[in-house]
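Asks: Sharing a model prediction with you, sequence too.
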Amino acid sequence: MVVVSSDERKPLSGQPSDQRTRPTSPHTPVAGHGHSIPIGRIAGIPIRLHWTFWFLVALVVIVDWSAGRRAVAAGLAWIVALFASVVAHEIAHCLVARQRGARVLGIVLIPLGGLSRLESMPTEPDDELAVAIAGPLTSIALGAVLIGVALLSGQHVWPPTLFTGGWWARLGWLNMLLGAFNLLPALPMDGGRVLRASLARHRTNLEATLLAGRIARYIGVAMVVVGFVYDIWLILIGMFVLMGARAEEEAARHPPDHSDHHGHEAPGPRT
Ligand SMILES: [Zn+2]
């Protein structure tokens with residue numbers, strides 16, 4: 001769901017230190033090299049599991065334990081299906097980013113979703129928009145295909161449900177939700193990046209980021225408030241948005257100077 005920056009600040013090898021990409025962030029807590037294990041590679045992009053992911057696995061086992069071994073297996077299978085969907089979403093971001101000249105370091109899976117780590121991020125509005133929109137569009141397309149498969153195999157697809165009913169239908173709606181939720185215009189989520197890129201067509205990057213950041217803050221606060229009533233995950237995502245939007249604003253206020261090697265704030269995670 002999200003993309004965080006990396007701790008490497010070298011200019012892209014083989015390319016001039018250009019204006020199309022900016023080096024990305026040092027030491028984001030979730031993007032560290034040492035706290036995740038490799039689980040595979042798709043299109044040359046390494047995928048890693050962050051250590052906090054095991055809390056999610058433990059949570060599923062604990063919650064389903066009393067319902068028996070089959071319930072635990074079903075819960076874990078759902079986690080695998082969910083994160084396969086997240087990987088498809090992230091791979092789409094990464095492939096478009098790579099096509100637009102960014103160097104992709106890999107994808108890290110955390111309990112809240114996925115983080116794509118890029119050595120540099122596109123700063124041209126068109127590039128940012130293309131990279132940001134690729135994930136949600138892929139999720140929505142995948143969701144449509146899965147719901148089609150569910151229909152063909154005779155499963156009920158309406159009303160939408162994530163936790164009961166046929167697997168194809170559940171997985172289809174999950175991907176739809178993944179796409180739609182990430183389109184919320186809240187930096188650093190995909191929709192927030194699309195918004196910022198659209199605003200930046202007629203403004204400076206800083207103005208566009210500050211405006212998008214203000215909108216993100218309203219949405220982040222709303223998520224936390226609603227989360228207290230409905231769902232703890234929403235609180236976590238709201239906090240993630242608040243911190244990420246702030247990091248984006250800081251990064252826009254202090255654009256990296258290619259001529260020196262001083263650190264700069266992380267352009268925050270990105271969905
Ligand atoms: Zn995304």
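Replies: Alright, I've got the coordinates. Everything numeric here is computed off the predicted structure, so don't read it as measured data. Numbering: from 1, shown residues only.
Asks: need the strands for the chain, in chain order.
Replies: 21-23, 36-42, 45-50, 104-110, 113-118, 120-122 (DSSP state E).
Asks: Tell me which of those sits most buried.
Replies: Burial of the strands of the chain is given as mean neighbour count (mean count of other CB atoms under 10 Å); strand 113-118 ranks first at a mean of 27. Where you see a C-beta, it was placed from the backbone N, CA and C, and this is true even at glycine.
Asks: one step back: a markdown table please, covering the strands of the chain and showing distance to the ion and mean pLDDT.
Replies: Compiled in a markdown table, those are given as follows (distance: least, CB to the ion, whole Å; pLDDT from 0 to 100):
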| stretch | distance to the ion | mean pLDDT |
| --- | --- | --- |
| strand 21-23 | 18 | 46 |
| strand 36-42 | 16 | 88 |
| strand 45-50 | 14 | 91 |
| strand 104-110 | 11 | 89 |
| strand 113-118 | 8 | 85 |
| strand 120-122 | 13 | 71 |
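Asks: List just the one of the ones you listed that sits closest to A186.
Replies: Taking CB to CB, strand 113-118 is the member of the strands of the chain nearest to A186, at 13.9 Å.
Asks: Just the CA atoms of that closest one, as PDB, please.
Replies: Once side chains and other backbone atoms are set aside, the C-alpha atoms of strand 113-118 remain, and they are given as PDB (Å, rounded to 0.1, in the frame of the first residue of the first chain):
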ATOM      1  CA  GLY A 113       0.600  -3.000   3.900                       C
ATOM      2  CA  GLY A 114       3.600  -2.800   1.600                       C
ATOM      3  CA  LEU A 115       6.300  -0.200   1.200                       C
ATOM      4  CA  SER A 116       8.200   0.200  -2.000                       C
ATOM      5  CA  ARG A 117      11.700   1.500  -1.600                       C
ATOM      6  CA  LEU A 118      13.100   3.600  -4.300                       C
END
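Asks: by how many degrees do that strand and strand 104-110 diverge?
Replies: Angle between the axes of strand 113-118 and strand 104-110 is 160 degrees (criterion: axes from the mean of the first three to the mean of the last three CA atoms, to 10 degrees).
Asks: can you give me how far strand 113-118 is from the chain middle?
Replies: For strand 113-118, the distance between its averaged C-alpha position and the chain's averaged C-alpha position is 6 Å (CA atoms, centre = their mean, to the nearest Å).
Asks: so it versus strand 36-42, what angle?
Replies: With the same axes, to 10 degrees as the criterion, the two stretches strand 113-118 and strand 36-42 enclose an angle of 80 degrees.
Asks: Quick check: residues of the stretch 51-200 of the chain near the ion?
Replies: Residues of the stretch 51-200 of the chain lying close to the ion by CB under 5 Å from the ion are G135, N182, D190.
Asks: ok, the residue lying closest to G148 once chain neighbours are set aside - how many residues close by?
Replies: With sequence-adjacent residues excluded and distances taken as CB to CB, 6 or more residues apart in numbering, G148 is closest to G172, at 7.9 Å. Other residues near G172 number 25, with proximity taken as other CB atoms under 10 Å.
Asks: can you list the residues of the stretch 51-200 of the chain next to the ion in TSV and add pLDDT and distance to F240?
Replies: Output for those, formatted as TSV (pLDDT from 0 to 100; distance: CB to CB, whole Å):
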residue	pLDDT	distance to F240
G135	94	16
N182	92	12
D190	92	13
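Asks: and which of those is nearest to the ion?
Replies: Taking CB to the ion as the measure, the ion lies nearest G135 of these, at 3.1 Å.
Asks: I figured that closest one hits V86, correct?
Replies: No - with contact defined as CB atoms under 8 Å, G135 and V86 do not form a contacting pair (9.4 Å).
Asks: These two: who's more crowded?
Replies: G135 (32 against 24).
Asks: The nearest residue to V226 once chain neighbours are set aside and V225, how far apart?
Replies: Excluding the flanking residues, the one nearest V226 by CB to CB, 6+ apart is L234, at 5.8 Å. With distances taken as CB to CB, to the nearest Å, L234 is found 9 Å from V225.
Asks: So which of the two has more stuff around it?
Replies: For L234 versus V225, neighbours defined as other CB under 10 Å are more numerous around L234 (17 against 13).
Asks: And for the closest residue in space to L210 that isn't next to it in sequence, the neighbour number?
Replies: Closest residue to L210 apart from its sequence neighbours, by CB to CB, 6+ apart: E249 at 6.1 Å. Using other CB under 10 Å as the criterion, E249 is surrounded by 22 other residues.
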